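[1] Predicted coordinates and the sequence they were generated for:
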Amino acid sequence: MTTNYNIIDLSSQIFWDTKKEDLQWDQNAAFIIERVLEYGNWNDWQIIKQVYNVDNIIEISRGIRYLSPKTLSFLVILSGLQKSDFRCYKHRQLNQGRWIY
């Protein structure tokens, strides 16, 4: 994949626990997309949109295990898919937690 952007162009708060220099666009696509969707800003979104394109972002996001409800809603509107088409939604339904009574 050839791109005009480097991982270093993404905001530093996204990868607070990881060295950005060790990441690769191709090999760490799901990790990068998940972090940008959850913690990134508008400029970060524009960068990954250029690097991966929206269709690939949607396809990779469908397999991510955890996304916040806000991020999931954004992806549903963007893609036209149902929430149930995303792994994170199915995973959340299976692990609803304990009842407080």
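    On my side now, so go ahead.
[2] Report the buried residues of stretch 49-64.
    51, 52, 57, 58, 60, 61, 64 (16 or more other CB atoms under 10 Å). In short, each C-beta sits where N, CA and C put it, glycine included.
[3] Kindly check the end-to-end length of that stretch for me.
    17 Å (CA to CA, to the nearest Å).
[4] what's the offset of that stretch from the middle of its chain?
    Distance, stretch centre to chain centre, for stretch 49-64: 8 Å (CA atoms, centre = their mean, to the nearest Å).
[5] Can you tell me which helix or strand of this structure has the lowest average pLDDT?
    helix 87-94 (a mean of 71; mean pLDDT, DSSP states H and E).
[6] measure the residue most central in space within the chain to residue 13 for me?
    Nearest to the mean C-alpha position of the chain, by CA atoms, centre = their mean, lies residue 34 at 2.4 Å. Residue 34 sits 14 Å away from residue 13 when distances are taken as CB to CB, to the nearest Å.
[7] Equivalent analysis for residue 21, please.
    In terms of CB to CB, residue 21 sits 16 Å off from residue 13.
[8] got a list of contacts for stretch 69-85?
    Stretch 69-85 is contacted by residues 37, 38, 54, 58, 61, 62, 67, 86, 88, 89, 90 when judged by CB atoms under 8 Å, 6 or more residues apart in numbering.
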